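Engineer: Give me a model of this one.
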Amino acid sequence: MTLRAESVSFAYRPGMPVLRDVTCEIEPGRVTAILGPNGSGKTTLLRLLLGFRRPSTGHVRLNGLEVASMAPGRRASRMAYMAQRPAIAFAFSVREVVALGRHGFAGRRDAGPVERGMERAGVSSLADAPIGELSVGQQQLVGMARALAQLDGPGEGKWLLADEPLSALDPAHTRRCQGIFRALARDGVGVGIVIHDVTTAVRTSDRTILLTGEGSVGGAGATREVCEPSLLAEVYAAPFVRSGEDVLPATA
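Structural biologist: Okay, the predicted model is just below:
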């Protein structure tokens, strides 16, 4: 089972494509970074993979089925989405927000997945706090807990797709979330993460999809092969250097 974009192009307005002929996949059992400069279409690609948008041309398929045509409940049983910041309009508690990940599941009143998700994400102590009173970083951790609750349970062929999930986290919580991503991958989950920072992508992912500023694929494959300073310099129009296991922007 695989989640695959095939020759996908997308434009929000006619004649102004954001993505051009993109073919890529989020593999089960791997952490895949979606990397690229500002405006390269990273978040748009994530939304297409989730079925939130339909491609202008091409296909996004999960095990051969068009993702955008799948019933929402069936899609939710396979794919969890972690937004950069949860968009919650009401004064829900953290526990209530995490429980939204179980909406539509049989046995959704079972508190186990919710409590386990909060524990793994490190937000159990905030369970009764209003979500709107938390910092952006804490809200990101709640988003992680919600996704974990949604993915909790038996069954193969599951994906976690996340948009900048580490952007507001301190180093300790970044390490916690990186560990969760790797643990999910070891359990067979396909993890796809939009990441802004190249160094974070190198430290977090097994594979990388590198988008160019024109919204096409500049490279896809093992992270250490794709995140080569010469290719990154071409895509970002800025120099990079390798320092041990890391790839860093070159200083002036």
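Engineer: shouldn't residue 173 be in contact with residue 122?
Structural biologist: Yes. The pair residue 173 and residue 122 passes the contact test of CB atoms under 8 Å, sitting 6.8 Å apart. To be clear about C-beta, it is placed using only N, CA and C from the backbone, and glycine gets the same treatment.
Engineer: Which pLDDT value does the model give residue 87?
Structural biologist: We have a pLDDT of 68 for residue 87.
Engineer: What of the one 10 residues further on?
Structural biologist: For residue 97, the model assigns a pLDDT of 93.
Engineer: Spatially nearest residue to it, not counting backbone neighbours?
Structural biologist: residue 131 (5.1 Å; CB to CB, 6 or more residues apart in numbering).
Engineer: Can you report how many residues neighbour the one you found?
Structural biologist: By other CB atoms under 10 Å, 21 other residues sit near residue 131.
Engineer: repeat for residue 135
Structural biologist: Residue 135: 9 neighbours (other CB under 10 Å).
Engineer: from memory it sits against residue 168, does it?
Structural biologist: Yes. Between residue 135 and residue 168 a contact is recorded at 7.5 Å, counting by CB under 8 Å.
Engineer: Now do the shared contacts for residue 173 and residue 122.
Structural biologist: Shared contacts of residue 173 and residue 122 (CB atoms under 8 Å, 6 or more residues apart in numbering): residue 141.
Engineer: This protein: strands as residue ranges?
Structural biologist: For the chain, the strands defined by DSSP state E occupy 3-13, 16-26, 31-35, 57-62, 65-66, 79-82, 159-163, 190-194, 207-211, 217-222, 240-243, 246-249.
Engineer: Compare these and say which comes out lowest on pLDDT.
Structural biologist: Among the strands of the chain, strand 246-249 scores lowest, with a mean of 89.
Engineer: one step back: wait, the residue nearest to residue 97 touches residue 95, no?
Structural biologist: No. Taking CB under 8 Å as the definition, residue 131 is not a contact partner of residue 95, at 9.8 Å.
Engineer: Tell me where the model's unsure across the stretch 51-200 of the chain.
Structural biologist: 86-89, 104, 106-109, 155 (pLDDT under 70).
Engineer: ok, now how distant is residue 65 from residue 165?
Structural biologist: 26 Å (CB to CB, to the nearest Å).
Engineer: and those two? which has more neighbours close in?
Structural biologist: residue 165 (27 against 14).
Engineer: Next one: the nearest residue to that one once chain neighbours are set aside relative to residue 241, how far apart?
Structural biologist: Using CB to CB, 6+ apart and skipping the chain neighbours, the partner closest in space to residue 165 is residue 82 (5.1 Å). In this view, residue 82 and residue 241 are 31 Å apart by CB to CB.
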